[in-house]
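Enquirer: one predicted model, sequence on top.
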Protein chains: 2
Amino acid sequence: MIIDCHGHYTTAPKALEQWRNRQIAGIKDPASMPKAGELKISDDELRESIELNQLKLMRERGSDLTIFSPRASFMAHHIGDFQVSSTWAAICNELCWRVSQLFPDHFVPAAMLPQSPGVDPKTCIPELVKCVEQYGNVGINLNPDPSGGHWNSPPLTDRHWYPIYEKMVEYDIPAMVHVSTSCNACFHTTGAHYINADTTAVMQLIQGDLFKDFPTLELIIPHGGGAAPYHWGRYRGLAQELNKPLLSEHLLRNVYFDTCVYHQAGIDLLTKVIPVDNILFASEMIGAVRGIDPETGYYYDDTKRYIEASTIVVGDDRHKVYEANARRVFTRLDRQLKAKGR
Amino acid sequence: MIIDCHGHYTTAPKALEQWRNRQIAGIKDPASMPKAGELKISDDELRESIELNQLKLMRERGSDLTIFSPRASFMAHHIGDFQVSSTWAAICNELCWRVSQLFPDHFVPAAMLPQSPGVDPKTCIPELVKCVEQYGNVGINLNPDPSGGHWNSPPLTDRHWYPIYEKMVEYDIPAMVHVSTSCNACFHTTGAHYINADTTAVMQLIQGDLFKDFPTLELIIPHGGGAAPYHWGRYRGLAQELNKPLLSEHLLRNVYFDTCVYHQAGIDLLTKVIPVDNILFASEMIGAVRGIDPETGYYYDDTKRYIEASTIVVGDDRHKVYEANARRVFTRLDRQLKAKGR
């Protein structure tokens, strides 16, 4: 089985975006604020949005199951207050859950959180609980910068975030550290902000000692870990200067990188530098880069091709990257699959 | 000849830092603001600070000439106003010039600019003119985020920066895009802010069309281009979605990456992905990562070893990376060298 640990619902029916636009307008004009119940999307619409897009490509490319979360760039935690984020997160998480019910063999949900700049992360717990207990979510996306590019929350190692980590540990679910859209003109959302956030998160984790407090906490750094594997020597050296243990011990017992790196040389670097046990297959399809690479004739984000062409990830290691690691990190997924005899 | 295009004066005599601390104190207490002339550093002190450090390592490692600029993390453009930055830049640039006079065969200066948040970059021109015309500087360091991690200046493609570019084109000097210290707790200076800035700059240049306006402008993205080469497929794909030309045309006629990547796999990726004509040898020694890599037994930042061990950069390509590309980009350096018969 091939598990893609990083997919977003980027193809939701237009009604979702229209509702969100009304919600945003409602921030300034409360009289026009829509109710959640005013959003109507039928099962047929959901089915079509998936069958013609993600599921079609999964079948073509040969992946089996996607860990599916709301569209990352649409989380936009910087918009409005906690109430706005809370309503929006509930809607988006419900849609991903419905997709997982419609396609139980192919999609399993991961939750976005109702984060809001300056608001205590513990306010996210009720949504998290609902998503795990009622919707069967197997992970969450945690935004280290709910401001959308102004970076005014504390680092991920700060106690500020501990309520989330405590609940994650209790439920034994991992978080993917994933920012949302950038509202800072310096940062292109998917070309700078996403990658910078990944790099930033890795360095925050190196500077701190988070996993001393949470030895079983597991974090996934998406987009191949940002710049970290490419600069692994720098990070090993900086950890050394900070008198931290080797990264194999300090970081890699708790941190994983996905394979959302959209060319062969990048995947080769990732798999050469990072131990195979810390790499999870992912494509973030349909996402940031939707085109066909003229150098290969295939989709940039068809990351399975790079793994298949790899001379580094071979034999049983390929099974680890495709399936075994994901089942180890997403323990609730593993249990769900086993219950179905998969 | 081996030219290291990226060295900072990180080992200046303590008197410099002491003067700077007095200057910073003087921002709040103008009566105690020191005069520039109160900083006294003798030639012998300068000689010792270089001979025991950079020059010693250059001799051991076998590089010949370093393009030498003030300590990047100490530029700290966010501190004080334009007057504070202006005095500080003048002092730091004078020291690098004096080093180049004391060691004319080994150091050639590149200037920091007296940038200040919210201040028009054209205020930097007089210092730039002095450094080029009187001090023989062959390049500049341009900080895309003088706020130190808050990123509230416009992107590098904005007309805001054009006065600098116009002068660079007039003088035919390149800029290294290099931030300074981070005063944002989210960003470790050398582990996150530097690398993020590199990545951010690349994406800004992809989004814009700066080189249509300045076809001869040349920019060096340090630290191996941040995350860009590792995610080259992503950047090629994003350029495609933005309907830009191929990166070979849109970016690589004007943009160069240095080799400050501190492990073999990283250098191998850089040299595999980026055309050899766009790679400039550099180590940023003595800089962010000063230790010895236990995996190799050599300094992390001894980047020459990675080039020497490369099976990708061989033969004449090695000469390009070590010397020819630098002479092509730093045309004033080339002329200075030729005038000395080098």
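Expert: Cool, the structure landed.
Enquirer: buried residues, stretch A:21-29. List them.
Expert: Residues of stretch A:21-29 classed as buried: A:Gln23, A:Gly26 (neighbour count, 16 or more other C-beta atoms under 10 Å in any protein chain shown). For every residue, glycine as well, the C-beta is placed using N, CA and C.
Enquirer: send the alpha carbons of it over as PDB?
Expert: In PDB, the C-alpha atoms belonging to stretch A:21-29 read as follows (Å, rounded to 0.1, in the frame of the first residue of the first chain):
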ATOM      1  CA  ASN A  21     -15.900  35.300   1.200                       C
ATOM      2  CA  ARG A  22     -19.200  36.000   2.900                       C
ATOM      3  CA  GLN A  23     -17.700  35.200   6.200                       C
ATOM      4  CA  ILE A  24     -14.800  37.500   5.600                       C
ATOM      5  CA  ALA A  25     -17.200  40.300   4.600                       C
ATOM      6  CA  GLY A  26     -19.200  39.600   7.700                       C
ATOM      7  CA  ILE A  27     -16.200  40.500   9.900                       C
ATOM      8  CA  LYS A  28     -16.800  44.100   9.000                       C
ATOM      9  CA  ASP A  29     -20.500  43.800   8.600                       C
END
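Enquirer: secondary structure class for A:Asn137?
Expert: Here A:Asn137 is recorded as coil under DSSP: H, G, I helix; E, B strand; the rest coil.
Enquirer: residues touching it, list them.
Expert: When contacts are counted by C-beta atoms under 8 Å, 6 or more residues apart in numbering or on different chains, A:Asn137 is found next to A:Asn93, A:Trp97, A:Val108, A:Pro109, A:Ala110, A:Ala111, A:Cys131, A:Ile173, A:Arg332.
Enquirer: do a quick rundown of the strands in chain A.
Expert: In chain A, strands defined by DSSP state E lie at A:3-9, A:65-70, A:107-109, A:111-112, A:140-142, A:175-177, A:219-221, A:255-258, A:279-280, listed in chain order.
Enquirer: returning to that earlier point: any idea which of the contacts of A:Asn137 is closest to chain B?
Expert: When the contacts of A:Asn137 are compared for distance to chain B (C-beta to the nearest C-beta), A:Ala110 comes out closest, at 21.9 Å.
Enquirer: that closest one touches A:His178, doesn't it?
Expert: No: distance between A:Ala110 and A:His178: 9.7 Å, which falls outside the contact criterion (C-beta atoms under 8 Å).
Enquirer: more crowded one of those two?
Expert: Taking other C-beta atoms under 10 Å in any protein chain shown, A:Ala110 and A:His178 do not tie; A:Ala110 has more neighbours (31 against 27).
Enquirer: could you check the pLDDT of that one?
Expert: According to the prediction, A:Ala110 has pLDDT 98.
Enquirer: how about the one 3 residues further on?
Expert: A:Leu113 carries a pLDDT value of 98.
Enquirer: also A:Gly341?
Expert: pLDDT recorded at A:Gly341 is 97.
Enquirer: quick one: it from A:Thr66, how far?
Expert: A:Gly341 sits 20 Å away from A:Thr66, taking C-beta to C-beta, to the nearest Å as the criterion.
Enquirer: please identify which of those two sits among more neighbours.
Expert: Neighbour count, other C-beta under 10 Å: between A:Gly341 and A:Thr66, A:Thr66 has more, with 30 against 5.
Enquirer: the more buried one: what's it in contact with?
Expert: A:Thr66 is in contact with A:Ile3, A:Asp4, A:Gly7, A:Gln54, A:Met58, A:His106, A:Phe107, A:Val108, counting by C-beta under 8 Å, 6+ apart.
Enquirer: so the fourth one touches A:Gly287, yeah?
Expert: No: A:Gln54 sits out of contact with A:Gly287 when judged by C-beta under 8 Å, with a separation of 10.1 Å.
Enquirer: quickly list what's touching both of these two.
Expert: Common neighbours of A:Gln54 and A:Gly287, counting by C-beta under 8 Å, 6+ apart, are A:Gly7.
Enquirer: now do the end-to-end distance for stretch A:267-279.
Expert: For stretch A:267-279, the first-to-last residue distance is 10 Å (C-alpha to C-alpha, to the nearest Å).
Enquirer: can you check stretch A:268-286 too?
Expert: Taking C-alpha to C-alpha, the first and last residues of stretch A:268-286 lie 22 Å apart.
Enquirer: ok, it near chain B or not?
Expert: Yes: residues of stretch A:268-286 are located near chain B by C-beta under 8 Å from any C-beta of the partner chain, namely A:Asp268, A:Leu269, A:Lys272, A:Val273.
Enquirer: most surrounded residue in these?
Expert: A:Leu269 (26 neighbours).
Enquirer: gap between that one and A:Glu127?
Expert: Computed as C-beta to C-beta, the A:Leu269 to A:Glu127 distance reads 37 Å.
Enquirer: enumerate every residue touching A:Thr157.
Expert: For A:Thr157, the contact set (C-beta under 8 Å, 6+ apart) comprises A:Gln204, A:Leu205, A:Gln207, A:Gly208, A:Asp209, A:Leu210.
Enquirer: only C-alpha atoms, please: export stretch A:152-172 in CSV.
Expert: Listed in CSV are the C-alpha atoms of stretch A:152-172, where the atom choice follows Å, rounded to 0.1, in the frame of the first residue of the first chain:
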residue,chain,number,x,y,z
ASN,A,152,4.8,37.1,16.0
SER,A,153,3.9,33.8,17.9
PRO,A,154,6.5,32.2,20.1
PRO,A,155,8.8,29.4,18.7
LEU,A,156,7.3,25.9,18.6
THR,A,157,9.4,25.0,21.6
ASP,A,158,7.7,27.6,23.8
ARG,A,159,5.2,26.5,26.5
HIS,A,160,2.7,28.5,24.6
TRP,A,161,2.1,25.5,22.4
TYR,A,162,2.2,22.9,25.1
PRO,A,163,-1.6,22.4,25.4
ILE,A,164,-1.7,21.2,21.8
TYR,A,165,1.3,18.9,22.4
GLU,A,166,-0.3,17.5,25.6
LYS,A,167,-3.4,16.5,23.7
MET,A,168,-1.4,15.1,20.8
VAL,A,169,0.5,12.9,23.1
GLU,A,170,-2.7,11.8,24.9
TYR,A,171,-4.3,10.9,21.5
ASP,A,172,-1.0,9.6,20.0
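Enquirer: list the buried ones in that stretch?
Expert: Neighbour count says stretch A:152-172 has A:Ser153, A:Pro155, A:Leu156, A:Thr157, A:Trp161, A:Pro163, A:Ile164, A:Tyr165, A:Lys167, A:Met168, A:Tyr171, A:Asp172 buried, by 16+ other C-beta under 10 Å.
Enquirer: before we move on, what about stretch A:326-337?
Expert: For stretch A:326-337, burial by neighbour count (16+ other C-beta under 10 Å) applies to A:Ala326, A:Arg327, A:Arg328, A:Val329, A:Phe330, A:Thr331, A:Arg332, A:Leu333, A:Asp334, A:Gln336, A:Leu337.
Enquirer: ok, the fourth one to B:Lys28 distance?
Expert: What that stands for is A:Val329. The spacing between A:Val329 and B:Lys28, counted by C-beta to C-beta, is 50 Å.
Enquirer: what's the spacing between stretch A:49-67 and its chain's center?
Expert: Between the mean C-alpha location of stretch A:49-67 and the chain-wide mean there is a distance of 17 Å, by C-alpha atoms, centre = their mean, to the nearest Å.
Enquirer: stretch A:7-26 now?
Expert: Centre-to-centre, stretch A:7-26 and its host chain are 19 Å apart (C-alpha atoms, centre = their mean).
Enquirer: what's in contact with that stretch?
Expert: Applying C-beta under 8 Å, 6+ apart, the external contacts of stretch A:7-26 come out as A:32-34, A:38-41, A:45-46, A:49-50, A:53-54, A:66-72, A:74, A:79-80, A:84, A:87-88, A:91-92, A:95-96, A:99, A:107, A:282-287.
Enquirer: which of the residues you listed are buried?
Expert: Here the buried ones among the contacts of stretch A:7-26, as counted with 16+ other C-beta under 10 Å, turn out to be A:33-34, A:39, A:41, A:46, A:49-50, A:54, A:66-72, A:74, A:79-80, A:84, A:87-88, A:91-92, A:95-96, A:99, A:107, A:282-287.
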